[in-house]
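Asker: this is a predicted model, with the sequence first.
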Amino acid sequence: MPDFLFSGPPDADTTLLLAHGAGSPMDSDWMSALAARLAEAGLSVARFEFAYMAQRRLDGRTPPPSRTEALMGEYRAALEMLKPAGRLLIGGKSLGGRVASMIADEAFDAGTIHGLVCFGYPFHPPGKPERLRTAHLDTLRCPALVFQGTRDPFGSRVEAGAYPLSTAITLHWLEGDHGLKPRAGDPVTLDENLSLASSCTAAWSKVGAVDHPLAIAAQKSI
């Protein structure tokens, strides 16, 4: 059973269940920075780890992520354990967001969640754009926000124009890489990107639409 790491106000009207990426734990510097910005935006954040990552803490070894089906089962288990009083969003960084997206429709149809939020979606392996991981995104019904770096090697802005994505998905482009980190000399910083993504997530969770001024600001930020 997963252990949760909580951030933000415990009485928030929206909680985001957040899973980590393939190679970093739930308390990595990046995940902690994101959770802090989401909390500042008024969201309650519950982070958890997949079993393969938790095992790394015990033996120091670095096994690869478990099979996707197993990770989906673990995400479902975390979702079942977490029972916040208000609205619930699910999502994650990279791998964590992908796994969340694969159970989003079933949870949304059941009335368990209100939306999906992904930070750096792995649309394809780096250097292999032909191996798309978008089949289930073509028919996604759950409202979704995807914050993607313009230069993400897992799916850049140039590539994404050809992806067959559901109209339920809104891509918010931020100047940066897979971790939303800009290059030296860019007019924004990583912290500014995380803050903007967090503000947009909080606003979208309340109004249930992407035409909120904060969402528009994200589109105009590059």
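Answerer: Received, thanks. Residues are numbered from 1 along each chain as shown.
Asker: hey, let's count contacts and neighbours off CA atoms from now on
Answerer: OK.
Asker: same for the longest helix along the chain, what does it pack against?
Answerer: When every helix of the chain is counted residue by residue (DSSP state H), the longest turns out to be helix 190-207. Applying 3 or more Cα pairs under 8 Å, 6 or more residues apart in numbering; DSSP states H and E, one finds that helix 190-207 contacts helix 29-40, helix 213-219.
Asker: let me know the next secondary structure element after the longest one.
Answerer: It stands for helix 29-40. Helices and strands here follow DSSP states H and E; after helix 29-40, the next one along the chain is strand 44-48.
Asker: could you check how far that following strand is from the centre of its chain?
Answerer: Relative to its parent chain, strand 44-48 has a centroid offset of 12 Å by Cα atoms, centre = their mean, to the nearest Å.
Asker: how much does the very next helix or strand once past that strand deviate in direction from strand 44-48?
Answerer: Of the helices and strands lying after strand 44-48 in sequence (DSSP H and E), the nearest is helix 51-59. Note on geometry: by axes from the mean of the first three to the mean of the last three Cα atoms, to 10 degrees, helix 51-59 and strand 44-48 are set 70 degrees apart in direction.
Asker: mind listing residues that contact helix 51-59?
Answerer: 2, 24-25, 61-66, 74 (Cα atoms under 8 Å, 6 or more residues apart in numbering).
Asker: give me that answer again for 6 Å
Answerer: Contacts with helix 51-59, where a contact means Cα atoms under 6 Å, 6 or more residues apart in numbering, come from Thr62.
Asker: show me where the protein has its strands.
Answerer: Assignment of strands within the chain using DSSP state E yields the ranges 5-7, 14-19, 44-48, 87-93, 115-119, 144-149, 169-174.
Asker: average pLDDT for the third one?
Answerer: It stands for strand 44-48. Averaging pLDDT along strand 44-48 gives 97.
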